[in-house]
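Participant: Following is a predicted model, sequence given first.
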Amino acid sequence: MRYTISPILWAVAVLALLMTGCTGTKTMPEAARAGDTVALYAGWKHHFDRDKITITFTGSDGSKTVYQPGNSHVRAIIDKYPDPLSYIVVGTRVGLNDGFHSASTYGSEINTQNTSNDPDWWETTIYVDTPTTLPTGTADVQVDAADGESYGPIPLTVLPGTGSPATFGTDGISSGLSANMLESMERMPHYTIKFSGGSAVPAALEVWLSHDPDQTAGGAPGKAFAVNPRGEMKNLSWSDSGTNMHVLLLPSGDGTWEDPYFPDSYGLKYWKFYVTGGITNVQVTKVAAYDKSGTPISGVSATVSQ
């Protein structure tokens, strides 16, 4: 049985990032009835979690409806990545515009205007049921996260009539996707490992991490898992004992790391990776960096954040 997710969930999800290099300025659709489900393309957000965001709808009459963190009308918050075979990814990596729909220029704009040269691109997309009490006319939608990240206000034209929440119909599930299915596509709690310092950008890195015992070591449910956000840029190999993780990072492909238009702009941002799997208390215990000849590079350190 095939489970093909409805086009409303996927078709336009990354367009705001790829077409504008920033957040979307309108809902999708731009006009809906009160009670319908709309998508908000919120840009490159790091802390838009259903338990951390507040969504405020301001009606055409000035009335406000506030969805507090955890509100069930927030159907899904999903981070969408561009196709690794898309013109914008390939064109940016090889530094070509001709024959690539100006992809290298657009990719460089995303790097410089939105991600500060972090090549880990995504578009945070919020699927939310609009309040049934919204009056007709132009409403505003504002999203605020607990850490200060925000999106909006953006306009939504509220049409006459009674709307209904989307079922996210699929090929194979006549009733549509359940809440659990939608939430399974959301980003789970994780740790981000970033690097800084050093006299040169390394050609290889080793990192040793510790964490609370997972189920492999008889601890809490969960199992350590390392994630590489850009596999065509670097290789990530790792092993874990249940309490300690060893990670080896090496360039992939032809070893070309830099944006052709902005040499040396990425630096250590290429090496970022994630650790997840339901584990807790991830800490860096040791970092080793090497140049192309295998000579150690001193001064490189790693930080862990959530």
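Facilitator: Yep, it's here.

Participant: For residue 57, which non-adjacent residue is closest in space?
Facilitator: residue 65 (4.6 Å; C-beta to C-beta, 6 or more residues apart in numbering). Any C-beta I mention is one placed from the backbone N, CA and C, and that applies to glycine too.

Participant: which residues touch the strand or helix carrying the one you found?
Facilitator: Using DSSP states H and E, residue 65 sits within strand 64-67. For strand 64-67, the external contacting residues (C-beta atoms under 8 Å, 6 or more residues apart in numbering) are 54-59, 73-74, 128, 131, 133-134.

Participant: Let's see that with 7 Å instead.
Facilitator: 54-58, 73-74, 131, 133 (C-beta atoms under 7 Å, 6 or more residues apart in numbering).

Participant: Out of these, which comes closest to residue 84?
Facilitator: Using C-beta to C-beta, residue 74 is the member of these that lies nearest residue 84, at 28.8 Å.

Participant: Count the residues that sit near the closest one.
Facilitator: By other C-beta atoms under 10 Å, 25 other residues sit near residue 74.

Participant: Just list the residues touching it, thanks.
Facilitator: Contact analysis of residue 74 by C-beta under 7 Å, 6+ apart lists 50, 55, 67, 126, 128.

Participant: bridging residues for the third one?
Facilitator: The reference is to residue 67. Per DSSP bridges, the residues bridged to residue 67 are residue 55.

Participant: Distance check, it against residue 141.
Facilitator: Between residue 67 and residue 141 the computed distance is 10 Å (C-beta to C-beta, to the nearest Å).

Participant: Need the overlap of contacts for these two.
Facilitator: Shared contacts of residue 67 and residue 141 (C-beta under 7 Å, 6+ apart): residue 55.

Participant: ok, which stretches of this protein are helices?
Facilitator: Secondary structure of the chain by DSSP state H: the helices cover 7-10, 15-20, 87-94, 103-113, 179-183.

Participant: okay, those helices in CSV with distance to residue 221, mean neighbour count and mean pLDDT next?
Facilitator: Formatted as CSV, the entries for the helices of the chain read as follows, by distance: least, C-beta to C-beta, whole Å; neighbours: other C-beta atoms under 10 Å; pLDDT from 0 to 100:
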stretch, distance to residue 221, mean neighbour count, mean pLDDT
helix 7-10, 29, 16, 38
helix 15-20, 34, 19, 42
helix 87-94, 36, 20, 92
helix 103-113, 37, 20, 91
helix 179-183, 17, 13, 93
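
Participant: would JSON lines of those with distance to residue 173 be doable?
Facilitator: As requested, the helices of the chain are arranged in JSON lines below (distance: least, C-beta to C-beta, whole Å):
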{"stretch": "helix 7-10", "distance to residue 173": "13"}
{"stretch": "helix 15-20", "distance to residue 173": "26"}
{"stretch": "helix 87-94", "distance to residue 173": "31"}
{"stretch": "helix 103-113", "distance to residue 173": "35"}
{"stretch": "helix 179-183", "distance to residue 173": "8"}
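
Participant: nearest to residue 203, of these?
Facilitator: Nearest of the helices of the chain to residue 203, taken as C-beta to C-beta: helix 87-94 at 18.1 Å.

Participant: if we can go back for a sec, dump the contacts of strand 64-67 into TSV; add pLDDT and distance to residue 40 as well.
Facilitator: Formatted as TSV, the contacts of strand 64-67 follow (pLDDT from 0 to 100; distance: C-beta to C-beta, whole Å):
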residue	pLDDT	distance to residue 40
54	98	13
55	98	8
56	98	12
57	98	11
58	98	14
73	98	13
74	98	10
131	98	14
133	97	19
